[in-house]
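Q: structural data only, the sequence is not supplied:
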């Protein structure tokens, strides 16, 4: 078995155990927080008889282990139950809302990498100059304020005072495209509708940038710090003594080893965005899974809470595996240690 | 520098163009609501559901616009004989599917609502059965005389039986899922608007039903987009951008004020509801009527109204005259408003068996309704003038509904907004004050008063309007005497709207329905094209 396959198998095995643990934990937590889910689902006007009937149907009168048994039995058939928030199967809700969030965080993540890493490299390369100072101030600002604050500021600047960007939804109302992947940036291209693609791209700019800003700041600061440290290493001194140009030293010798800690943090940020996207989704009326997750928690929608948390956990684990693989690919020491192991 | 200006201007122009515009030929009305809209009419209960239901489905009767009573709608006429109600249906009505409306559809709609047991089905508890007498005649049999029955029919939307039966989902028995899966995503009504698409977290898109039996004016919106869960800041910006037409009623007063200052019109709807400050009558010190009366007299009613004022003329509440909101059977005249009387409050407190030095009142507010915190602070300040100490506690809604199931866990003071779901005082007052209904979010008073029970039961039994008015007037009087509640203000919903839309049912009292959500009958709105 190749080291990479072994690494993936090991990670998948651990992830499965983590997922089972998460499912038990969230299943229990969701049921012990105050409030009767049946009462909340049926609304304030429902009678005691209606509430009792729904409790019976949801097995809420059974013990926790028995309820968990029902849940696992249904899950084995791919059934996460019915959401009391939308009155639809939870799997259908997740299938509808997850692509919107994934598309948002993929674009935000891309911004984080394409803007954050170069800013860090530039800052380190021009250390202690005005360029470095500017990047450090900007990145500190990005890290200091949470995404939803940026969301409101960006909305005020680029939608209210200067009405350039749209602020609600994923695409202008006038366009409709058939759903293929759920990612509008892809589905519009599949449909060959470039105007719809332009609209979808324009709609995602502000929410993705608001979501990415703190990650951009963090990536820039971390990359700068690591590169500054790497610049002091003997191999950089040796490269300089050979007379290599500064650009080559920065890009080839200093950046690559500095990228490993940045990549780990970016990976974590990427996964964390799944949960953190909620407020940005709320401000920009983005119909994603994070917003759905918070709505179902507030309504104590048991099936939907468990389903959403499981999906977000799974995404978190997948991103971590990908980051581990990337780091192994970049860092020969890790790759070789897997081989010898 | 000059050479950069042209490309920048071009980029900005292109950017603006990319935001997309809707086709000019079609008038589009865009509005929002906070919660997910439940499309299944058998489960409809809250405001968003009601807006959908009243537009996609029709009912046998409708509230009379600008006045009391109910007028025929899908029903042509009806006859009542004690516990029997026989309705003659119109023969010119077809569903959006093209199927004709028959008595079987009415029976099916009723049976379905009872079988699902969700939404507002509880208001049909007194109805034993429905049966089709012939193709266009339907009979309802009641268990006992129940005069608000006609009013409750505004909450029985008629569903296309044939279409639903063709689309039954998985489930047990002959009726399987009663079409729940289908009706949660599709429309099966006779209504003026049909559903084009429905995403429960984003929006429901509706378009005119060209075959509507009453016809729809050309000026009514061709398409309606009901968006869900928009943030106040987003709505504020969208209306300023001209991309939104009517806000939800849940915007904070400050945002409504700012929109009004920018020229937005303020639409209003009064649906027979009020803001009630409820006192637990089973727990000391508020088990003593004089203590309760002291608090009711010490509360500053005028300051309470100011707190929800949008402009000098418009507020989210109007002065209360008693337990029954103005406009309903039994309400006191509108000019007999309640006001603060600190001297009377002191006298009542002196007659109370509890010494203010010996207790601390627990004033709760619902965590999801930040406005209530302001009222908790107002009460704390008002009651401190009587020497009464109090502590304010924030309670999440879920916890509150659980707390109120036991009198000992119910706070001394709770705050709730309650509405009559059918527009009839019975659906407002019975669940709040009848002794058999104690222990719900509507009845944290745990009131147990024979006179109140008798008046509530009489209001249900008598059929003549004058007799009903007398019964509820008597009830109102008694509720003022024993003060289980501080009747803070009669509730009024306020919506900010652009000038592109006219909504007579939400702006002209003579056109108003007096039922929450019905003012949003899109067929009665006009798009001005501004």
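A: Nice, I can see it. It should be emphasised that the depicted structure is a prediction, and the values quoted were computed from it without experimental measurement.

Q: surely residue B:282 meets residue B:446?
A: Yes: contact criterion CB atoms under 8 Å: residue B:282 and residue B:446 qualify, at 4.4 Å. Using the backbone N, CA and C atoms, a C-beta is placed for each residue, glycine as well.

Q: shared neighbours of these two, anything?
A: Shared contacts of residue B:282 and residue B:446 (CB atoms under 8 Å, 6 or more residues apart in numbering or on different chains): B:407, B:410.

Q: more neighbours: which of those two?
A: Using other CB atoms under 10 Å in any protein chain shown, the more surrounded residue of residue B:282 and residue B:446 is residue B:446, with 20 against 17.

Q: tell me the contacts of residue B:98?
A: Shown in contact with residue B:98 (CB under 8 Å, 6+ apart): residue B:211.

Q: and the pLDDT at it?
A: Residue B:98 carries a pLDDT value of 97.

Q: what about it, which SS state?
A: Counting by DSSP: H, G, I helix; E, B strand; the rest coil, the backbone at residue B:98 sits in coil.

Q: ramachandran angles for it?
A: Here is the backbone geometry of residue B:98 (degrees, to the nearest 10): phi 100, psi -10.

Q: phi, psi of residue B:423?
A: Here is the backbone geometry of residue B:423 (degrees, to the nearest 10): phi 90, psi -10.

Q: now for it: which residues touch it?
A: By CB under 8 Å, 6+ apart, the contact set of residue B:423 is B:63, B:151, B:154, B:271-272, B:513-515.

Q: over to residue A:24?
A: If you count contacts by CB under 8 Å, 6+ apart, residue A:24 has them with residue A:68.

Q: try residue B:43
A: A:87, B:49, B:116, B:118-119.

Q: need the worst-confidence member of the residues you listed.
A: For these, the weakest pLDDT value sits at residue A:87, with 79.

Q: the strand or helix carrying residue A:196 and chain B in contact?
A: Assessed by DSSP states H and E, residue A:196 sits inside helix A:194-231. Yes: using CB under 8 Å from any CB of the partner chain, helix A:194-231 reaches chain B at A:195, A:198-199, A:201-203.

Q: which PyMOL command selects the buried ones in those?
A: Remark: buried members of the residues of helix A:194-231 next to chain B, expressed as a PyMOL selection using 16 or more other CB atoms under 10 Å in any protein chain shown:
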select buried, chain A and resi 198+199+201+202+203
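
Q: could you dump the residues of helix A:194-231 next to chain B into JSON lines and include pLDDT?
A: Formatted as JSON lines, these follow (pLDDT from 0 to 100):
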{"residue": "A:195", "pLDDT": "95"}
{"residue": "A:198", "pLDDT": "96"}
{"residue": "A:199", "pLDDT": "96"}
{"residue": "A:201", "pLDDT": "97"}
{"residue": "A:202", "pLDDT": "96"}
{"residue": "A:203", "pLDDT": "96"}
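
Q: make JSON lines out of the residues of helix A:194-231 next to chain B and add distance to residue A:244.
A: Formatted as JSON lines, the residues of helix A:194-231 next to chain B follow (distance: CB to CB, whole Å):
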{"residue": "A:195", "distance to residue A:244": "48"}
{"residue": "A:198", "distance to residue A:244": "43"}
{"residue": "A:199", "distance to residue A:244": "47"}
{"residue": "A:201", "distance to residue A:244": "40"}
{"residue": "A:202", "distance to residue A:244": "43"}
{"residue": "A:203", "distance to residue A:244": "45"}
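
Q: returning to what we had before: max pairwise distance over the contacts of residue B:43: which two?
A: Within the contacts of residue B:43, B:49 and B:116 form the most distant pair, 13.5 Å apart (CB to CB).

Q: give me the more crowded residue out of the two.
A: Using other CB under 10 Å as the criterion, residue B:49 and residue B:116 rank with residue B:49 on top: 23 against 17.

Q: test my guess that the more buried one contacts residue B:119.
A: Yes: contact status for residue B:49 versus residue B:119: in contact at 7.4 Å, counting by CB under 8 Å.

Q: which residues are in contact with each of these two?
A: Common contact partners of residue B:49 and residue B:119 (CB under 8 Å, 6+ apart): B:38, B:43.

Q: from residue A:264, how far off is residue B:289?
A: Distance from residue B:289 to residue A:264, counting by CB to CB, to the nearest Å: 68 Å.

Q: can you point out the buried residues in the helix or strand containing residue A:10?
A: In this structure, residue A:10 sits in helix A:3-32 according to DSSP H and E. Within helix A:3-32, the residues scored as buried using 16+ other CB under 10 Å are A:3, A:7, A:11, A:15, A:22-23, A:26-27, A:30-31.

Q: pretty sure residue B:186 sits against residue B:197.
A: No: in this structure residue B:186 lies outside contact range of residue B:197 using CB under 8 Å: 10.1 Å.

Q: neighbour count winner among these two?
A: More neighbours surround residue B:186 than the other of residue B:186 and residue B:197, with 19 against 13 (other CB under 10 Å).

Q: tell me the pLDDT at that one?
A: We note a pLDDT of 94 for residue B:186 in this prediction.

Q: wait, is it part of a strand?
A: No: the assignment for residue B:186, made by three-state DSSP, is coil rather than a strand.

Q: pop out the phi and psi values for it.
A: phi -130, psi 160.
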